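>>> kindly generate the corresponding structure for this input.
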Amino acid sequence: MRSARKRESPNCPQALDIFHTRQQHTYKVAQIGRRLAEHRLRKQADAAALHGLHPEVVEAACLAHDLGHPPFGHAAESELDNIVCDPTICGGKAEDADADGYEGNAQTFRILTKLAVRYGKDSPGLDLTRATLAATLKYPWLRDKSDAKKTSKWSAYACERKQFEWVREGCRDGFKTAEAELMDWADDIAYSVHDLEDFHRVGIIPWNEVVSEDLKDRVVRGAVTVWEKDPSVPADARARMDKALERIKRKLRMFPAVTQEVYDGAREQRRQVRNFCSTLIGNYVRAARLNDTLSGPAVIIETDAADEVRLLKYFARHYVIGLPALHAQQYGQKRIIRDLFEIFLKEGKADNLKLFPSRLRYIWEDNSDDKPARLAADCVASLTENEAYQLHHRLTGTNSGLVLDPIVR
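Numbering: from 1, shown residues only. Sure thing, here's the model as predicted:
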């Protein structure tokens, strides 16, 4: 799987043996997602029947959920969004633009329904069931810049409107399916727990700061500031984050090696870390329940669990994003994204497809009705990080590599 060569956490080749890749993250999400669905089937058989819940659909959606993420993660996603909306940044023309920009979830839907290869040209995509495709839609709407909720996150581009409307036929307007809700919650659990575990192992999370009474206000204030970017942030967000932090600190007291020792892989440290993570995952799996009616969201998450996951996700983001080396690294990675996009856009429009690796040529040949900026972004997003580095070297002349190595296979 190509996602094995894309990292879920900080991007550097040397980190491959430390930080789990998107493939590993995907497997963990799928495992948690199936467990969530099976648990609800056992506990709420009638509600599961009402929502048509199938563990296989949840698992399949979990396996597909990150396919649209480009190399170098969210920094590249943001960069692609900017240059697809305005390709003049990279030497393109205004008419090349696609106003939908770039979003990893929408790209996932595009891959599943159009770009992935299973049958012939007349049957693009993977030919998945309507239920499975609907379960991948974390944000079941198209982009709408006049609506704050639909501006930064959406699950399909306008060029896939026909497929999107077919998938959503019969679904409740504005609400995710039960399988999509469980996939989304499984993703949050895996991100907040497994990523945090990785960061702990390399000493990025300063647990002494997290549990410190003196610094409590700063930690909570930071989490609330992030939450306030959400239009639906509640008025009592500060109080809820305060309580969530206290609950997490109480759980940590059972595992002193996590907060009091520098991790070096000792047996007792590993045991405590694993048990701490297992405790959290178990709690959060049990915190999800199906709505007994068709009014409102299909899945309801206990408020305490949702708040704890929100806070843990803040830890993972805050302490990694603050690393000075990461900012420098992302600066260079964005430049690679821009350079590759410019080359793909220019040469694709000129029909100079012989310059492209064979695996990328059909994107332009089979989707000529789509905007050139969309096709250039497809090419960039389909690369692994190593392919992006090597192809950039070759196409910019800094290192041509071996003539028998196609780089992209």
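>>> residues contacting Leu67?
Residues near Leu67 by CB atoms under 8 Å, 6 or more residues apart in numbering: 3, 107-108, 111-112. Yep, even glycine has a C-beta here, placed from its N, CA and C like the rest.
>>> got phi/psi on it?
Phi and psi for Leu67, reported as degrees, to the nearest 10, are phi -60, psi -30.
>>> how about Arg289?
With angles defined as degrees, to the nearest 10, Arg289 sits at phi -140, psi 150.
>>> with Glu103 instead?
Here Glu103 shows phi and psi, under degrees, to the nearest 10, equal to phi -150, psi 130.
>>> equivalent analysis for the one 5 residues further on, please.
Geometry field for Thr108 lists phi and psi as phi -60, psi -50, criterion degrees, to the nearest 10.
>>> do the same with Ala156
phi -160, psi 150.
>>> just flag the most distant two among the contacts of Leu67.
Ser3 and Leu112 (13.9 Å; CB to CB).
>>> for the nearest residue to Glu169 once chain neighbours are set aside, what are its contacts?
In this structure, Glu169 finds its nearest non-sequential neighbour in Arg130, 7.5 Å apart by CB to CB, 6 or more residues apart in numbering. Counting by CB under 8 Å, 6+ apart, Arg130 touches 166-167, 169.
>>> run through the strands of the stretch 1-150 of the chain in chain order.
Counting by DSSP state E, counting those that start in this stretch, the stretch 1-150 of the chain has no strands at all.
>>> cool, and the stretch 251-400 of the chain?
288-290, 299-301.
>>> next SSE after the helix or strand of the chain with the lowest mean pLDDT?
Ranking every helix and strand in the chain by mean pLDDT, DSSP states H and E puts helix 207-210 at the bottom, with a mean of 82. Toward the C-terminal end, the helix or strand that comes next after helix 207-210 (DSSP states H and E) is helix 216-227.
>>> measure stretch 169-176 end to end?
End-to-end distance for stretch 169-176: 12 Å, by CA to CA, to the nearest Å.
>>> circling back to that earlier point, and of the contacts of Leu67, the nearest to Asn82?
Among the contacts of Leu67, Gln107 lies closest to Asn82 (CB to CB), at 15.0 Å.
>>> now for the closest residue in space to Ile204 that isn't next to it in sequence: which residues touch it?
Nearest residue to Ile204, sequence neighbours excluded (CB to CB, 6+ apart): Tyr319, at 5.4 Å. Counting by CB under 8 Å, 6+ apart, Tyr319 makes contact with 199, 204-206.
>>> for those residues, which entry has the maximal number of neighbours?
Using other CB atoms under 10 Å as the neighbour criterion, Ile205 leads the contacts of Tyr319 with 22 neighbours.
>>> need the contact list for the closest residue to that residue other than its chain neighbours.
Excluding its sequence neighbours, the residue lying closest to Ile205 (CB to CB, 6+ apart) is Phe199, at 4.9 Å. Phe199 is in contact with 9, 205, 315-316, 319-320, counting by CB under 8 Å, 6+ apart.
>>> go again using 7 Å as the cut-off
205, 316, 319-320 (CB atoms under 7 Å, 6 or more residues apart in numbering).
>>> which member of those residues is positioned nearest Ser152?
Nearest to Ser152, judged by CB to CB, of these is Ala316 at 19.4 Å.
>>> sorry, back to before: now the two most distant members of the contacts of Tyr319.
Greatest spatial distance among the contacts of Tyr319 (CB to CB): Phe199 and Pro206, at 10.3 Å.
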